[in-house]
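> Requesting a structural model of the entry that follows:
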Amino acid sequence: MTDIDTRIDTDINTAIDARYVLPEGSCDCHFHLYGPFDKFPAGDEGRFTPTQASTIEDAMAQWPRMGVSRGVIVHAVGSGEDNAVTYDALRRFPDRLRATAILRRDVSDQRLDELTDAGFKAVRVTMIRQDGKPVSTLGTSFEDLKALAPRLAARGWHAQLWIESSDLVEQAEELNKLPLTYVIDHMSRTMADKGHEHPGFRGFLDLLKTGRYWTKISGADRNTRIGRPYADTAPYMRAIVQAAPDQVVWGSDWPHIGHGEQTLPRMNDLLRLLHECVPDEAVRRKILVDNPKRLYGF
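Purely as a prediction, here's the structure:
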């Protein structure tokens, strides 16, 4: 077992500070599954390629200590583009799970119906750039989405966009032509040193206020420039919740693929950040319980 494997195992078994345990019925709206690899081989996702299995049993084993009872699996390229590991989990735990898929535009109607019946609610679209450079070109593309949109809308799906706020604002006119609702990954993936008054981020908040766009207050570890406990991301989270609390859900991004030992998030840090940025208990319950029910149909 490597150092990072030990770090992950230790964090799974670490007690959660009682002040940060989530309310009954809470949903982790963003986590990933990998393996077991003898049944679900890993694909190549560059630096996001998993080095160890993180199964649905592993995920659910940590939920009770957090207060989580439901989850939304975000299928990763590193889990294989057939969506098989996620499909398997949904079939086994239909009342507790929903998911986003990776799709190609030539996916058959029969397969789309199978995925819909299993509990898939969205397609995840890769449009991410940071500092002007693509972070990833894997997965479902924007061009794929344009071709898929009518069939997805007919089945009640939305599109989950992995995109930075400035690019989102630039693409909004094209996105609004499609018959879809949008969920934006990781607080629009705006790096913390840009400042939460950055025009791109302000434009993202305006889109949330329309009611057609949602976001996940997740990925603080991806957006930070200073590391744990991610204080530089707090102004963004607070601004999102203040702007559109009805359009927000929360996710852990477990198991945090791509981190090394020194940067791997700790669940207590993520939950502390959530409570500090959303101090009102009623608003937290909305984000953790009520909004996920509305968005994912639990």
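> Just the strands from the stretch 51-200 of the chain, written as ranges.
In the stretch 51-200 of the chain, the strands defined using DSSP state E, counting those that start in this stretch lie at 68-74, 97-101, 120-126, 129-130, 133-134, 158-162, 182-184.
> Now render those strands as JSON lines, adding distance to P23.
The C-beta positions use only the backbone N, C-alpha and C, and glycine is treated the same way. As requested, these are exported to JSON lines (distance: least, Cβ to Cβ, whole Å):
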{"stretch": "strand 68-74", "distance to P23": "10"}
{"stretch": "strand 97-101", "distance to P23": "19"}
{"stretch": "strand 120-126", "distance to P23": "22"}
{"stretch": "strand 129-130", "distance to P23": "34"}
{"stretch": "strand 133-134", "distance to P23": "38"}
{"stretch": "strand 158-162", "distance to P23": "24"}
{"stretch": "strand 182-184", "distance to P23": "22"}
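> quick one: which of the ones you listed is nearest D82?
Among the strands of the stretch 51-200 of the chain, the nearest to D82 by Cβ to Cβ is strand 97-101 (9.9 Å).
> Kindly format the C-alpha coordinates of that closest one as CSV.
What follows is strand 97-101, C-alpha atoms only, in CSV (Å, rounded to 0.1, in the frame of the first residue of the first chain):
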residue,chain,number,x,y,z
LEU,A,97,-28.3,6.8,-5.8
ARG,A,98,-28.6,8.9,-8.9
ALA,A,99,-25.8,9.6,-11.5
THR,A,100,-24.4,11.5,-14.4
ALA,A,101,-23.1,9.7,-17.5
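> any idea how far that strand is from the chain center?
How far strand 97-101 lies from its chain's middle: 10 Å, per Cα atoms, centre = their mean, to the nearest Å.
> Not counting it itself, show me its contacts.
56, 70-75, 83, 86, 89-90, 115, 118-124, 160, 296-298 (Cβ atoms under 8 Å, 6 or more residues apart in numbering).
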